[in-house]
Structures are given as structure tokens and as C-alpha cells.
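No letters, just coordinates:
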């Protein structure tokens, strides 16, 4: 059975947004088509009521001699703390924030299956802010960038769900493979 490690997702103050309540529905979930195939989906985690993601940071295992995993986790920065599944390896990068507004859509850098080689799956992420600026993560350079996700039609991203492959023991580890972001409906 795969073991997932749960981490804290630090959140940064934002002024308006969605919450996981029945009175405020979720506008949409945005995805990309190039996510990795391995792992299981962790729990959906939402920014607290009245907030949305204004920034992010990544948990990255940079190249090592041995089994590389690359991108292991994604933190959304709103106003409080939530948890989501991550891999077990790497360090957290410094947060990156929109100059104004919220994260609206994303692009994912993924390395496809390597056959007998070392698989890493997800390697980096870019976000576009509501002010049209782009924030590029400090992940690794393996793989290729896929297309941009749809843009959130509301205030911005207010939740996250990650797909993580747990430790494979002596096998090839990939850690984070895919991500879905939940959009605010206001």
C-alpha cells in the first residue's frame, strides 16, 4: 500500500473569494492534460472562507545521484493553513506572490515515462495572476511545458487537490504527478 505524507499548506491574506460551504458553490475545477499517470489523488483542500490564493511555493527535490523525484508538493498562499498530499523528498522554495489579485490559471512541466530510466513526472509549475503577470516556480527543467489550463472565471484559485505516488521502496519514485485547482465563484 502506498504511503502519503501530509504537509501544511501556508496561506496568504486575500480579500474575497470562495469557501467550502453550501451557500457558496465551486465555480469550476481547472486542470491540464499533461499530468503524470502514477499515484492517487489526495484530499481537496480549500482556502478559508472569504479568501483565495495570491501566491504559491513548491517542494522540490533537485537533481541527485540516484532516484530523482523533482516536484513533490505545491503550497497555495491564502490566509490560513490547510493540508494536502505531497511526496517525502525535497525542500520548500521561497513563496512567489501576485503583485495584485489572485492566481487564475496554470501551466505544468511534466516529464513523460522514461521506460527503464529514472521517472520524475511533474517538475515545475507556472501561474498567471489576475493582473496578467506570470509566476514561474523554482522546480527542475526536466520534461516539457504543457498548455495553459482554462482561466478561473471568478476571483481566482481557492482550492487544491494533488495526485501523489507514494514511496516505491527500492523502485522508481515520482512523487507529485498531477494537480487540480478549484476556482472561486465570486
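Great, that's in hand. As the structure is a computational prediction, the values presented were derived from the model and not from experiment.

Partner strands of the helix or strand hosting residue 158, with direction?
For residue 158, the element it lies in under DSSP states H and E is strand 157-164. Strand 157-164 has the following sheet partners, assigned by DSSP bridges: strand 40-41 (antiparallel), strand 45-46 (antiparallel), strand 176-183 (antiparallel).

okay if I get those strands as TSV plus distance to residue 91 and mean neighbour count?
Where C-beta positions appear, they are placed from N, C-alpha and C, glycine not excepted. As requested, these are exported to TSV (distance: least, CB to CB, whole Å; neighbours: other CB atoms under 10 Å):
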stretch	distance to residue 91	mean neighbour count
strand 40-41	24	14
strand 45-46	21	22
strand 176-183	14	25
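
Of all the ones you listed, which one is nearest residue 96?
Of all the strands paired with strand 157-164, strand 176-183 sits nearest to residue 96, with 15.4 Å by CB to CB.

ok now the strand holding residue 158, how far from the chain's centre?
6 Å (CA atoms, centre = their mean, to the nearest Å).

who's in contact with the residue nearest the centre of the chain?
Nearest to the geometric centre of the chain sits residue 74, at 4.0 Å (CA atoms, centre = their mean). Going by CB atoms under 8 Å, 6 or more residues apart in numbering, residue 74 touches 56, 57, 58, 59, 84, 86, 125, 160, 162, 176, 179.

switch the cut-off to 7 Å
Counting by CB atoms under 7 Å, 6 or more residues apart in numbering, residue 74 makes contact with 56, 58, 125, 160, 162, 179.

just to revisit the earlier point, any idea which of the strands paired with strand 157-164 gets closest to residue 102?
In terms of CB to CB, the element of the strands paired with strand 157-164 nearest to residue 102 is strand 176-183, at 9.6 Å.

The residue of the chain most remote from its centre is in what secondary structure piece?
Most distant residue from the mean C-alpha position of the chain: residue 116, 27.0 Å away (CA atoms, centre = their mean). Using DSSP H and E, residue 116 falls within no helix or strand.

Please name the residues that touch residue 124.
Contacts for residue 124 (CB under 7 Å, 6+ apart) come out as 71, 109, 137, 139, 140.
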